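In: next come a sequence and a model predicted from it.
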Amino acid sequence: MAEAHAAVAFSFTITHEGVNFDVNHDALHAVWESGVRSWKKRIARFKNRLINIMYPAAPISWVFTVSIVLAFVLAKVDVSLGLIDSIQSGMPGYHVLTLVGLVRNIGPKLTHLPEAMDLSRVAPILLNGTVPLCSQQYERQFNSVRLPGVETDKLVHWYDSRHIVVYHKGCYYKMYIHYKGRLLNPAELELSFKKIIEDNHEPAKGEEKLGALTAGDRIPWAKARKEYFGKGVNKTSLDSIEKSAFVVVLDDEPRYIDLNEPNKLSSWARAMLHGKGYDRWFDKTFNLIISANGRIGFNAEHSWADAPIMAHLWEYGISEDIAHLGYELPFNVHNFGGLYILTFKLVCVQDLWIWLHFVIFWDAGKFCLTYEASMTRLFREGRTETVRSCTIDAANFARAMDDKTKTKAEKMALFKKASETHQESYRLAMTGNGIDRHLFCLYVVSKYLEIESPFLKEVLGEPWRLSTSQTPHTQTDRLDLLKHPDHICAGGGFGPVADDGYGVSYIIAGEYTIFFHISCKRSCAETNAKRFGRTIVKALDDLKNLFEV
């Protein structure tokens, strides 16, 4: 950033009259403001760590604490009543590390919890087994919440949390998961859950549907939170929810996945995505949802991390007890999966996005602006970049697939060209050479400088009628799907970005299975998720026939 600022702040020209050196005072002022903001953020982070980690108490008590300590020091009073001298006499040397070793018997979590939470202890995911991906997003996985604001929301993370919140039959329960420096064991957790399930208390007035506030518009929620949850029992209860490690939802309905009834899979997906609209706390990083018959899933808030982070958590958790787990999985589209894709030599699984343009062309009769998520975790704190996958080459292939006069060889040639174009766009996005994040930065600068840009207004105002994403599977070596083919994850989905668009997410789960999550708004008469799904099945058959010899 310093080089970029310098290039704008200083300039010189060489003419016949000599060298002219100009200083852009506005640019220098912008550099100064940037530095001030940077140091303000550093101070804010230090203050947050000081309050929430090193000294979790009211700031006014600092003065009192320091005064007491100084008084004892000046009066030369031994606060330990000789205990330190007694311990020191039995040691070869008085060292802090020796004291840390002694208190391990009292509570190992006391001294090692900060070390365990250090990001350096999280083994990073390796790209192609060699290049590590940034693990910064894992930091906010637990003990975090998205707080509503009138102008902007903010993410708040607490260093530690000793409890979770359980939602059951309209009531919220605070359930402790730590005792004397250790996590409760499964038997103790089972006892706590049993007490909650057997509790017959009726929800307090407004409690049952309180979560609806987190599902709606953020401004009314921000105002209501400030007005009604700023003090008293309301604040205490809200703090318990927001400062919990995560939220567990005990649904009162059983969920099933039946091969002969695919609608049950759609019902399960809807339950995970939004439930009843009020029985999820959508501001928490994730809700662990458990149906009445024991089927589990996640609802995750998206601003703190991307889908692979939650997928990694799921994979890590499920592999701990893999020998005792079992699932029923739908195979509505048979004989098509990762192995099939490799057999017919698609360049990579991302090439399925080219085929999705064929699907949207069939469904809507036209092409649309398409969002494809590409990860940028090769860079520190990287999130995503956009791949605009609806290219001219992809459109030509989609039209050719619908043209009966085109031969298979011609279609294959068009597919190869579209694939090469798409892969180049994907590589550029992954390596920091994408377009949309750059456009967004230009938009932010234009707002700061109060400059209207017709170009940015038009480009950034275009609706993403097809928003797509892929969830990775088996990010680690903890799951062996060849030995346990039934232990696969159906992935996750998201809502549409545009009112008249689709949200499509897919996961290649194993060698013979692909799951698609399709969403659209019921308020739009032009879109239909079930119709789009049927089009996907037909297009898969056409793609299969194209690659078969």
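Out: Thanks, I have the structure now.
In: domains of the protein: list them as residue ranges, please.
Out: As given by automatic domain parsing, the domain ranges for the chain are 142-304, 338-431+463-547.
In: tell me which of these approaches residue 36 most closely.
Out: domain 142-304 (19.7 Å; C-beta to C-beta). Using the backbone N, CA and C atoms, a C-beta is placed for each residue, glycine as well.
In: mind checking how far that closest one is from the chain centre?
Out: Taking the mean of its C-alpha atoms, domain 142-304 sits 17 Å from the chain's own mean (C-alpha atoms, centre = their mean, to the nearest Å).
In: with stretch 423-436 instead?
Out: Here stretch 423-436 is found 21 Å from its chain centre; the criterion is C-alpha atoms, centre = their mean.
In: and the end-to-end length of it?
Out: End-to-end distance for stretch 423-436, by C-alpha to C-alpha, to the nearest Å: 17 Å.
In: just the buried positions in that stretch, please.
Out: 425-426, 429-430, 434, 436 (16 or more other C-beta atoms under 10 Å).
In: dump the residues you listed into TSV; add distance to residue 200 and secondary structure as well.
Out: Output for the buried residues of stretch 423-436, formatted as TSV (distance: C-beta to C-beta, whole Å; DSSP: H, G, I helix; E, B strand; the rest coil):
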residue	distance to residue 200	secondary structure
425	58	helix
426	55	helix
429	54	helix
430	54	helix
434	55	coil
436	53	helix
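In: adding pLDDT, write those out as CSV.
Out: Shown next, in CSV, are these (pLDDT from 0 to 100):
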residue, pLDDT
425, 90
426, 87
429, 90
430, 89
434, 90
436, 91
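In: identify the residue nearest residue 406 in space, chain neighbours excluded?
Out: Taking C-beta to C-beta, 6 or more residues apart in numbering, and ignoring the residues beside it in sequence, residue 406 has residue 400 as its nearest neighbour in space, at 4.6 Å.
In: from residue 499, how far off is residue 219?
Out: Distance, residue 219 to residue 499, by C-beta to C-beta, to the nearest Å: 19 Å.
In: cross-check the contact I'm expecting between residue 228 and residue 234.
Out: Yes. Contact criterion C-beta atoms under 8 Å: residue 228 and residue 234 qualify, at 6.0 Å.
In: how about the helices of the stretch 101-250 of the chain, start to end?
Out: Remark: helices assigned in the stretch 101-250 of the chain by DSSP state H, counting those that start in this stretch are 108-117, 186-198, 218-228, 232-242.
In: before we move on, the earlier item: the domains of the chain: which one's closest to residue 35?
Out: Closest to residue 35 of these, according to C-beta to C-beta: domain 338-431+463-547, at 19.5 Å.
In: what secondary structure does residue 372 sit in?
Out: Secondary structure, DSSP: H, G, I helix; E, B strand; the rest coil: residue 372 is strand.
In: thinking again about what came up before, how about the domains of the chain, which one is nearest residue 444?
Out: For these, distance to residue 444 was read as C-beta to C-beta. The smallest value, 12.8 Å, belongs to domain 142-304.
In: what's the end-to-end length of the closest one?
Out: End-to-end distance (C-alpha to C-alpha), domain 142-304: 11 Å.
In: surely residue 465 touches residue 498?
Out: Yes. Contact between residue 465 and residue 498 holds when scored by C-beta under 8 Å: they sit 4.9 Å apart.
In: who's more crowded, the two?
Out: Under the neighbour definition other C-beta atoms under 10 Å, residue 465 and residue 498 were set side by side, and residue 465 has more, 24 against 20.
In: let me see the contact set for the more buried one.
Out: Contacts were defined as C-beta atoms under 8 Å, 6 or more residues apart in numbering; by that measure residue 465 touches 360, 364, 368-370, 498, 500-502.
In: ok, now residue 166?
Out: Residue 166 makes contact with 172-173, 175, 193, 196, 247-250, according to C-beta under 8 Å, 6+ apart.
In: now it, which residues is it bridged with?
Out: Taking DSSP bridges as the rule, residue 166 bridges to residue 173, residue 248.
In: can you check the pLDDT for it?
Out: According to the predicted model, the pLDDT of residue 166 comes to 93.
In: ditto for the one 4 residues further on
Out: You'll see residue 170 listed with a pLDDT of 92.
In: now do residue 418
Out: pLDDT, residue 418: 89.
In: likewise for residue 258?
Out: pLDDT recorded at residue 258 is 68.
In: again, but for residue 479
Out: With respect to pLDDT, residue 479 scores 68.
In: need the buried residues of stretch 423-436 in CSV with distance to residue 387, can you?
Out: Rendered in CSV, the data for those read as follows (distance: C-beta to C-beta, whole Å):
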residue, distance to residue 387
425, 5
426, 6
429, 5
430, 9
434, 7
436, 9
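In: quick one, strands of the stretch 351-500 of the chain?
Out: Per DSSP state E, counting those that start in this stretch, the stretch 351-500 of the chain carries strands over the ranges 370-375, 384-388, 466-470.
In: could you save the contacts of residue 465 as a markdown table and add columns showing pLDDT and distance to residue 41?
Out: Formatted as a markdown table, the entries for the contacts of residue 465 read as follows, by pLDDT from 0 to 100; distance: C-beta to C-beta, whole Å:
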| residue | pLDDT | distance to residue 41 |
| --- | --- | --- |
| 360 | 83 | 42 |
| 364 | 83 | 45 |
| 368 | 88 | 39 |
| 369 | 88 | 34 |
| 370 | 88 | 35 |
| 498 | 90 | 34 |
| 500 | 90 | 39 |
| 501 | 90 | 36 |
| 502 | 92 | 38 |
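In: quick one: which of those sit in helices?
Out: Taking DSSP state H as the definition of helices, the contacts of residue 465 contribute 360, 364.
In: neighbour-wise, give me the winner out of the contacts of residue 465.
Out: For those, neighbours were counted using other C-beta under 10 Å, and residue 502 has the most, 29 neighbours in all.
In: I'd say that one and residue 496 touch.
Out: Yes. Taking contacts as C-beta under 8 Å, residue 502 lies within contact range of residue 496: 5.6 Å.
In: name the residues contacting each of these two.
Out: 467, 519-520, 527.
In: want to try JSON lines for the strands of the stretch 351-500 of the chain, with distance to residue 203 as columns?
Out: What follows is the strands of the stretch 351-500 of the chain, written out as JSON lines (distance: least, C-beta to C-beta, whole Å):
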{"stretch": "strand 370-375", "distance to residue 203": "38"}
{"stretch": "strand 384-388", "distance to residue 203": "39"}
{"stretch": "strand 466-470", "distance to residue 203": "36"}
